[in-house]
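Novice: got a structure for you, letters missing:
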């Protein structure tokens, strides 16, 4: 089933005539998007702050929460960059980091299901949250969003 679902999404992504993900960096762009911070090192402060300031929803995903804290602490701004949501099964995030963001007002969503990755679960959380805050979700459903994500992955 997963392979057929993947094939459908991937073929939809390839069938798109054009998609320009880098337009989110344009100064005059008003596209609403969610920023998901995953468990990868963050070292480009300029790109990070550009994306952070333009995103309408910020989600730190499990171990990515540590990287967010380390980057912002290094720049002396950890209290200025608080994600809206921290999600994951919390097997990678340091407890003190999770508590810091909880105390600073981040919504903490534990997703213990091991049948999906923290990234996959965060995509669903982002899509639902964007609908709740009435942001424009491309296509208004995941069948339109996921092909673009898969396109970026391959």
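Specialist: Nice, thanks for sending it over. Given the structure is predicted, the values throughout are model-derived calculations rather than measurements. Numbers count the residues shown, from 1 in each chain.
Novice: can you list the helices and strands that the helix or strand hosting residue 129 packs against?
Specialist: Assigned by DSSP states H and E, residue 129 belongs to helix 118-132. Counting contacts by 3 or more Cβ pairs under 8 Å, 6 or more residues apart in numbering; DSSP states H and E, helix 118-132 packs against strand 34-37, strand 57-61, strand 85-88, helix 142-153. Where C-beta positions appear, they are placed from N, C-alpha and C, glycine not excepted.
Novice: hey, least reliable of those by pLDDT?
Specialist: Among the helices and strands packed on helix 118-132, helix 142-153 carries the lowest mean pLDDT, a mean of 48.
Novice: ok, residue 55 to residue 34 distance?
Specialist: 6 Å (Cβ to Cβ, to the nearest Å).
Novice: who's more crowded, these two?
Specialist: residue 34 (21 against 18; other Cβ atoms under 10 Å).
Novice: quick check: the more buried one touching residue 60?
Specialist: No - judged on Cβ atoms under 8 Å, residue 34 makes no contact with residue 60 at a distance of 11.5 Å.
Novice: residue ranges in this protein under the pLDDT threshold?
Specialist: The chain contains residues with pLDDT under 70 at 1-31, 134-154.
Novice: mind redoing it with 80?
Specialist: Residue ranges of the chain with pLDDT under 80: 1-33, 131-154.
Novice: how far away is residue 102 from residue 47?
Specialist: For residue 102 relative to residue 47 (Cβ to Cβ), the value is 27 Å.
Novice: so who does residue 79 touch?
Specialist: residue 104 (Cβ atoms under 8 Å, 6 or more residues apart in numbering).
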